[in-house]
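Enquirer: Attaching a predicted model along with its sequence, questions to come.
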Amino acid sequence: RYQGQDVVFLALTMESDSKVNSYIQKYPFNFSILPNGFGVVLKYADMDKSGRINMGFPAHFLINRRGEIELRTDGWDKTANLESNISRLLAAD
């Protein structure tokens with residue numbers, strides 16, 4: 001849907017390169033997968049007062065060109081909200 005537009009989809013995983021590569025050989029993806037992505041999760045996830053990550057699964061982050069979070073949602077049925085916000089950001093550029 002967003003082919004040719006300035007949109008990047010990434011899947012973050014805490015798994016190693018070798019585990020990810022083995023998995024995607026069996027189950028190919030149409031988007032980029034970032035192995036060892038814990039640092040990225042720490043940058044964008046909410047933390048509670050004791051420093052624990054407070055994030056549902058799956059978590060969706062819409063990040064603008066400046067690296068700021070425009071939208072954060074958790075759960076399986078959030079595509080409509082993501083789509084409308086992606087369209088809004090693309091129109092603003």
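Expert: Yes, it's here.
Enquirer: only C-alpha atoms for contact and neighbour calcs from this point on.
Expert: Will do.
Enquirer: pretty sure Ala11 is in a strand, no?
Expert: Yes: looking at Ala11 with DSSP: H, G, I helix; E, B strand; the rest coil, it is inside a strand.
Enquirer: my read: it touches Phe31, true?
Expert: Yes: in this structure, Ala11 is within contact of Phe31 by CA atoms under 8 Å, at 7.4 Å.
Enquirer: biggest helix in this structure by residues?
Expert: helix 79-92 (DSSP state H).
Enquirer: pLDDT weak spots in the protein?
Expert: By pLDDT under 70, the low-scoring segments of the chain are 78, 93.
Enquirer: if you set the cut-off to 50 instead, what comes out?
Expert: Regions of the chain meeting the criterion pLDDT under 50 are absent.
Enquirer: all helices of it, in order?
Expert: Under DSSP H, the chain gives helices at 17-26, 38-44, 79-92.
Enquirer: number of nearby residues for the residue lying closest to Thr73 once chain neighbours are set aside?
Expert: Of all residues not flanking Thr73 in the chain, His60 sits nearest, at 5.2 Å (CA to CA, 6 or more residues apart in numbering). For His60, the neighbour count with other CA atoms under 10 Å is 19.
Enquirer: just checking, His60 touches Glu70?
Expert: No: using CA under 8 Å, His60 is not in contact with Glu70, being 10.7 Å away.
Enquirer: now the helices of the chain in JSON lines, with distance to Tyr2 and mean neighbour count?
Expert: Shown next, in JSON lines, are the helices of the chain (distance: least, CA to CA, whole Å; neighbours: other CA atoms under 10 Å):
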{"stretch": "helix 17-26", "distance to Tyr2": "22", "mean neighbour count": "12"}
{"stretch": "helix 38-44", "distance to Tyr2": "23", "mean neighbour count": "13"}
{"stretch": "helix 79-92", "distance to Tyr2": "9", "mean neighbour count": "12"}
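Enquirer: can you redo those helices as CSV with distance to Asp6?
Expert: CSV is the format used below for the helices of the chain (distance: least, CA to CA, whole Å):
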stretch, distance to Asp6
helix 17-26, 24
helix 38-44, 20
helix 79-92, 8
